[in-house]
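[1] Return a 3D structure for these sequence lines:
(one chain, ligands or ions: 1)
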Amino acid sequence: MKLINVVAARPNFMKIAPVIRAIKKHNNRVHSSLDTHHSKLYAVLVHTGQHYDYEMSKVFFEDLEIPVPDIYLGVGSGTHAEQTGNVMIEFEKVLFKEEPDLVIVVGDVNSTLACALSSVKLHIPVAHVEAGLRSFDRTMPEEINRLLTDAIADFLFTPSPDADENLKREGIPEDKIFLVGDVMVDSLLFNLDKAKKSNILRKLGLQKELSTDRCQLPTDYALLTLHRPSNVDDRESLHNILEALKRISTEIPIIFPIHPRTRKQIEHFGLQDYFTKFENRMSTIGYGLYYIDPLGYLDFLKLMIHSKFIMTDSGGIQEETTVLGIPCLTLRDTTERPITIKQGTNILVHNNSERIIKEACKILDGKLKKGNCPEIWDGRSAERIVEIIVSDR
Ligand code: UD1
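    Next up is the predicted model:
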């Protein structure tokens, strides 16, 4: 059986890595005759090139030990139609050449939908990993990508029961829906020990540099990520958020690995004055809002583990903080991951300055939202996916 695994943008890499590992494990079992009922899977890795900077792409291949892509489409940035259309055109050529039995797409980026659409038009089955998530906000490009990919996929692998409910409500036949858990959590659990060895705290001056090596405590800091068009493409929204952050940063340093899109917008709107200049290798960092280059997977994970709390508009970070038990303030009006609110440490604060400040102050006062990790987020989701794919043959 021949598969194509598709990756495109930063949040895809940690989702495909465990799938690739699970395929390898399956093949090893077949090879060593531990599994005599199934045959090997032959997988081709395609990178569409939606993200292309070292910090947005290659460092994740290194950190997550993902093999070099077999095929790189080099599509790059553009408007939604340009990006989606160009991926479709280039991916269709790959499909003609490779003739796979199944295409696996992950997440909700433009390339996810583009590759799914090119495949089903050629009657090639599609598996969607992270299916069924809904923010119910159709102004988000990701929501459109999720809805359309799920409508045409043949295998819908969901991370949580709410996703199953969404799909059933949309009329997706139940025999296509498989609750497998969260592949992003597979990556997190698999890489936790490795991440703990990262020296990013020391590099950023977030560790009290004591004269002995015995007791190196990180100083408190909050971590921030921000890249949603609704937050960063609109001057007023971005300004509101930065006002809140400025106030919070008088109580705790805020570290902000900045997405290229956000960096551009801050420069475009002339909002650079909100930031404190980051002096590399300071012994300890002072109060302020510091932006730094985007980080790799392991460095960011280490920063998350030691942070007092996280403010974000990312999807995956809402899940990761729930697993790690770190307070998370989500700077959005909606979330497609409601389980992180119901069960986890996540709180929606919109992009409302007062709300952001109020919730951050509560955390600083020690009033933390308690949460727990959904049971099925156990690090075995990708193995379940591969078991289902091979059993279907
Ligand atoms: C994309 C996804 C979003 C995901 C995010 C994670 C869509 C619609 N959006 O958003 O769901 O949360 O990735 O990062 O698919 N750029 C660079 N270098 C890069 C990539 C992008 O400088 O390697 C800049 C370009 O100016 C580009 C802009 O970022 O125009 C936006 O990139 P794009 O891929 O369109 O969307 P993201 O905002 O990254």
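[2] Enumerate the positions of stretch 249-266 that are buried.
    Buried residues in stretch 249-266, counted by 16 or more other C-beta atoms under 10 Å: 249, 252-259, 262-263, 265-266. The way it works is simple: take the backbone N, C-alpha and C, and place the C-beta from them, glycine included.
[3] now that stretch: how far from the chain's centre is it?
    Relative to its chain's centre, stretch 249-266 lies at 18 Å (C-alpha atoms, centre = their mean, to the nearest Å).
[4] quick one on the thing from earlier: with respect to Leu189, which of the buried residues of stretch 249-266 is nearest?
    Pro257 (21.9 Å; C-beta to C-beta).
[5] List the contacts of the residue lying closest to Met184 once chain neighbours are set aside.
    Distances taken as C-beta to C-beta, 6 or more residues apart in numbering put Gly316 closest to Met184, at 5.2 Å, once the chain neighbours are dropped. Contacts for Gly316 (C-beta atoms under 8 Å, 6 or more residues apart in numbering) come out as 11, 14, 184.
[6] So, low pLDDT: which residues of the stretch 201-350 of the chain?
    208-219, 279-284 (pLDDT under 70).
[7] again, only this time at 80
    Within the stretch 201-350 of the chain, the ranges that satisfy pLDDT under 80 run 207-219, 277-285.
[8] what are the ranges of the helices in it?
    229-232, 235-248, 260-269, 297-306, 316-324, 339-342 (DSSP state H, counting those that start in this stretch).
[9] of those, which approaches the ligand most closely?
    Nearest to the ligand among the helices of the stretch 201-350 of the chain is helix 260-269; the distance by C-beta to the nearest ligand atom comes to 3.2 Å.
[10] Give me the buried positions along stretch 375-393.
    376-377, 379-387, 389-390.
[11] biggest separation within these, which pair?
    By the measure C-beta to C-beta, Trp377 and Val390 form the most distant pair in the buried residues of stretch 375-393, at 22.8 Å.
[12] By residue count, tell me the biggest helix in this structure.
    helix 10-31 (DSSP state H).
[13] dump the residue contacts of Pro260.
    Per C-beta under 8 Å, 6+ apart, neighbours of Pro260: 53, 56, 294.
[14] I'd like to know how far Leu156 sits from the ligand.
    As judged by C-beta to the nearest ligand atom, to the nearest Å, Leu156 and the ligand stand 19 Å apart.
[15] pLDDT wise, what is the residue in the stretch 101-250 of the chain that the ligand sits nearest to at?
    Relative to the ligand, the nearest point of the stretch 101-250 of the chain is Val109 (3.2 Å; C-beta to the nearest ligand atom). We note a pLDDT of 98 for Val109 in this prediction.
[16] Tell me the residues on the stretch 51-200 of the chain that lie near the ligand, please.
    When proximity is defined by C-beta under 6 Å from any ligand atom, the stretch 51-200 of the chain lies next to the ligand at 51-53, 56, 77, 83, 108-110, 141-142.
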